[in-house]
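Engineer: Predicted model and sequence below, questions to follow.
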Amino acid sequence: MRADSTNPEMFEALVREHQGLVFRTLTRFTGAGAHVEDLAQEVFLRLYKALPYFRGDATVATYLYRITYNVAQDEWKRRRKERTHVAETPAFVEEDEVWLENFAGDANAGEHARSPEQRMVDAELQESVDAALGTLSEVERAVLVLYHQEDCSYEGIAAALEMPINTVRTHLHRGRKKLGERLRGGEGMSQARRVLGENEGAGAGSVTVRRA
């Protein structure tokens, strides 16, 4: 990413290229809703202000994941101030618990092949998965989303979240256990994998960036 990306046309092209990533990740971090567009606006405003200082020591995506995570942290802090949230402490599942393999996919893939009843079941499963993600700690949720939805490597996550790789592994391991525990007893993990595998476009939208 070059400093001339602050040129209006080039920056708008950068936004168009990466807005799906930002909307998708913010939706997973903070839940779906109208607030996602406002948060995406903040992400790109921060990116625009940071461009002149970008040294190119990370990819654009990694840099955006870092900003997106920071914006999500601010949103989490704001919500904590508004309400007291007591998180449930789950029982851990066994190491070989079958669980969600991938968050990535196409939201519209195969849609025409499903019956209305199947789409309703999938929607219910999606709600269950989103609710389960929402009960994880913020950092566990972030690591899971980046690893399974965004297909980031351990090194990429470590760079985006600014933490050691071993810490990334620990959060991923714990997050998997907790997510598996919360989803167990529902419609089945095989179905959940399929539903989430088609959710890459969840929360996707467009953003018009107002440069400061």
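Structural biologist: Arrived safely, thanks for sending.
Engineer: Distance of Glu140 relative to Gly20?
Structural biologist: 24 Å (CB to CB, to the nearest Å). Yep, even glycine has a C-beta here, placed from its N, CA and C like the rest.
Engineer: neighbour count winner among the two?
Structural biologist: Using other CB atoms under 10 Å, the more surrounded residue of Glu140 and Gly20 is Glu140, with 21 against 15.
Engineer: From what I see, the more buried one and Thr170 are in contact.
Structural biologist: No. Using CB atoms under 8 Å, Glu140 makes no contact with Thr170, being 9.5 Å away.
Engineer: next one: phi and psi at Arg55?
Structural biologist: phi -100, psi -10 (degrees, to the nearest 10).
Engineer: Number of residues surrounding it?
Structural biologist: Neighbours of Arg55 (other CB under 10 Å): 6.
Engineer: out of everything not next to it in sequence, what's closest to Leu179?
Structural biologist: Ala132 (5.5 Å; CB to CB, 6 or more residues apart in numbering).
Engineer: and the one you found, what does it touch?
Structural biologist: 179, 182-183 (CB atoms under 8 Å, 6 or more residues apart in numbering).
Engineer: Quick check: it vs Leu64, distance?
Structural biologist: Distance from Ala132 to Leu64, by CB to CB: 25 Å.
Engineer: Show me the helices in the protein, by range?
Structural biologist: 8-30, 35-50, 60-82, 116-134, 138-144, 154-161, 165-183, 189-196 (DSSP state H).
Engineer: Any chance you could list what contacts the third one?
Structural biologist: Right, helix 60-82. 1, 14, 18, 21-22, 25-26, 29-30, 35, 39, 42-43, 46-47, 50, 54, 58, 85, 138, 142, 146, 150, 152, 156, 159-162.
Engineer: give me the number of residues near Tyr63?
Structural biologist: Count around Tyr63 with other CB under 10 Å applied: 20.
Engineer: Name the stretch among the helices of the chain that sits most buried.
Structural biologist: Of all these, helix 138-144 carries the top mean neighbour count, a mean of 22, counting by mean count of other CB atoms under 10 Å.
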